[in-house]
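Fold the following.
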Amino acid sequence: MKGGELYMKVETLGLWLVIIGAVNWGLVGISALTGGATNWNVVEIVFASTPGAANFVYLLIGVAGLWKLWHRLAKK
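You can find the predicted model right below:
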C-alpha cells in the first residue's frame, strides 16, 4: 500500500467517525428533548458490556474530529 492510498483510507475512516459521532450526539439530543426516558446513545448501546471500549470509541471520534478540523484549516 502506497502512502497516498493509506492517506485516503485514514481520511475516509476519519470522515466516517465524524459522521458516527455527529449522528450519535444528534440522537442523544433528541432523546433529551423527548424527556430522556430512553437511551439513544448508540455507542453506549453497542458497547454497553465493555465500558472501556465505549470510551475508546469516543476518543477515536474526538481525534477524528480534530484531524478533520486541522485538515480543513490547513487547506486555506
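
drop to CA atoms for contacts and neighbour counts, all remaining ones
Will do.

List the buried residues in the helix or strand where residue 54 lies.
When secondary structure is defined by DSSP states H and E, residue 54 falls within helix 51-75. Taking 16 or more other Cα atoms under 10 Å as the basis for neighbour counts, the residues of helix 51-75 that come out buried are 54, 57, 58, 60, 61, 62, 64, 65, 67, 68.

roughly how far is the longest helix anywhere in the chain from the heart of the chain?
Longest helix of the chain, by residue count under DSSP state H: helix 3-33. Centroid separation for helix 3-33 versus its chain: 4 Å, with Cα atoms, centre = their mean, to the nearest Å.

could you point out which element follows it?
Helices and strands here follow DSSP H and E; after helix 3-33, the next one along the chain is helix 42-46.

CA atoms only: put that following helix into CSV for me.
Output for helix 42-46, consisting of C-alpha atoms alone and laid out as CSV, is shown next (Å, rounded to 0.1, in the frame of the first residue of the first chain):
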residue,chain,number,x,y,z
VAL,A,42,-25.7,4.3,20.0
VAL,A,43,-22.1,4.0,21.2
GLU,A,44,-23.2,3.1,24.8
ILE,A,45,-25.9,0.7,23.4
VAL,A,46,-23.4,-1.2,21.2
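
Many thanks, have a good one.
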